[in-house]
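Visitor: give me the fold of what follows.
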Amino acid sequence: MLHHSVTGTGPDVVLLHGVGLDHTMWRRLLPELTTGHRVITVDLRGHGASPPAYAGTSLADLAADVVEVLDHLGASRVHLVGFSLGALVAGYLAAHHPARVATLSLVSSVAQRTPQEREAVERRLEAARSDPAVTADGAVERWFSPEWRQRDPDLATEIRGMLLANDHPSYLACYTVFATGDEEVAPLLGRITAPALAITGGDDPGSTPAMSHRLASAVPGARVRIVAGARHLLPLERPRELAAALTEHFERTTP
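Guide: Numbers count the residues shown, from 1 in each chain. Below is the predicted model of the structure:
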């Protein structure tokens, strides 16, 4: 079973992290969300303290792991929040297990990549196979603006170290899912019935505002929110704004 932690009481909120990261990326959000909610954070397969991921790991595998945790905790219907790779897992889960998802929040999510966007992520995957340090440095450059990195240098160092500390085969297996998963999720988006929010940073070069608008066009009734001036790591860069947007979204269903 996936490594997971549970904090707070109330309606269940499940937080799914991005590729190469772990459940600690949500720590700046927890004080806001655990007021009135039971918050469940997991380490996806191949990350943190969870079992490794192997070549051929699929989006279905990652989603099934999460469902196993929900069953173990008796979480029958949850506010499901996914970040980046976690957003692909969340979208897949919401399409295949609609009764389990009260609301869906897709944070910094990719969607319906253009051929150029697909080529860019495939180049990053190929680079990750040969030089993890270059991949980690590139991620920090994309995710941190120069101003944020200057204000919070220890965090940038921490994130780089977290990326480099991953089990390399597990990272490649999960990055492959990230690089290809939107092609699998795209045909499922119209099946999602949970109230959905797509939110991303206005300056995110990978999970762009255009992608969030594509999600909103494909998921029935979905809403979009763009956080001006932010990049990819919304849970760490703009935790209060993200927590407020998520809480407002939850309360539309469970006031």
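Visitor: contacts and neighbour counts: CA atoms only from here.
Guide: Noted.
Visitor: name the helices or strands packed onto the biggest helix by length in the chain?
Guide: When secondary structure is assigned using DSSP state H, the longest helix within the chain turns out to be helix 168-185. Using 3 or more CA pairs under 8 Å, 6 or more residues apart in numbering; DSSP states H and E as the contact test, the elements touching helix 168-185 are helix 85-96, helix 115-130.
Visitor: ok now it, how far from the chain's centre?
Guide: Using CA atoms, centre = their mean, to the nearest Å, the distance from the centre of helix 168-185 to the centre of the chain it belongs to is 13 Å.
Visitor: still on that earlier bit, output the helices and strands packed on helix 168-185 as TSV; include the columns mean neighbour count, mean pLDDT and distance to Ala49.
Guide: Putting these into TSV (neighbours: other CA atoms under 10 Å; pLDDT from 0 to 100; distance: least, CA to CA, whole Å) gives the following:
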stretch	mean neighbour count	mean pLDDT	distance to Ala49
helix 85-96	26	98	16
helix 115-130	14	94	21
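Visitor: export these as a markdown table, with columns for distance to Pro220.
Guide: Putting those into a markdown table (distance: least, CA to CA, whole Å) gives the following:
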| stretch | distance to Pro220 |
| --- | --- |
| helix 85-96 | 12 |
| helix 115-130 | 24 |
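Visitor: for Arg38, find the nearest of those helices.
Guide: Closest to Arg38 of the helices and strands packed on helix 168-185 is helix 85-96 (CA to CA; 17.9 Å).
Visitor: I'd like the next helix or strand past that closest one.
Guide: As assigned by DSSP states H and E, the chain's next helix or strand after helix 85-96 is strand 101-107.
Visitor: for Pro146, find the nearest of the helices and strands packed on helix 168-185.
Guide: Shortest distance between Pro146 and these, using CA to CA, is found for helix 115-130: 21.2 Å.
Visitor: next SSE downstream of the closest one?
Guide: Past helix 115-130, heading to the C-terminal end, the next element that is a helix or strand (DSSP H and E) is helix 132-143.
Visitor: residues in contact with the most centrally placed residue in the chain?
Guide: Nearest to the geometric centre of the chain sits Phe83, at 1.5 Å (CA atoms, centre = their mean). Phe83 makes contact with Leu15, Leu16, His17, Gly18, Leu106, Val107, Ser108, Ser109 under the criterion CA atoms under 8 Å, 6 or more residues apart in numbering.
Visitor: and the buried ones among those residues, selectable in PyMOL?
Guide: Buried residues within those, by 16 or more other CA atoms under 10 Å, are selected in PyMOL with:
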select buried, resi 15+16+17+18+106+107+108+109
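Visitor: for the contacts of Phe83, which one is nearest His37?
Guide: Taking those together and measuring to His37 by CA to CA, the closest member is Leu15, at 12.1 Å.
Visitor: is it correct that that closest one falls within a strand?
Guide: Yes - Leu15: assigned to a strand according to DSSP: H, G, I helix; E, B strand; the rest coil.
Visitor: can you tell me the average pLDDT over stretch 44-60?
Guide: Throughout stretch 44-60, pLDDT has a mean value of 97.
Visitor: need the residues that contact it.
Guide: Contacts of stretch 44-60 with the rest of the structure, by CA under 8 Å, 6+ apart, involve 1-3, 16-17, 20-23, 43, 62, 65-66, 88-89, 92, 166-167, 169-174, 177, 181.
Visitor: before we move on, back to that, adding pLDDT and distance to Pro220, write the contacts of Phe83 out as CSV.
Guide: Supplementary listing: the contacts of Phe83 in CSV, determined by pLDDT from 0 to 100; distance: CA to CA, whole Å:
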residue, pLDDT, distance to Pro220
Leu15, 98, 22
Leu16, 98, 22
His17, 98, 24
Gly18, 98, 24
Leu106, 98, 14
Val107, 98, 17
Ser108, 98, 19
Ser109, 98, 17
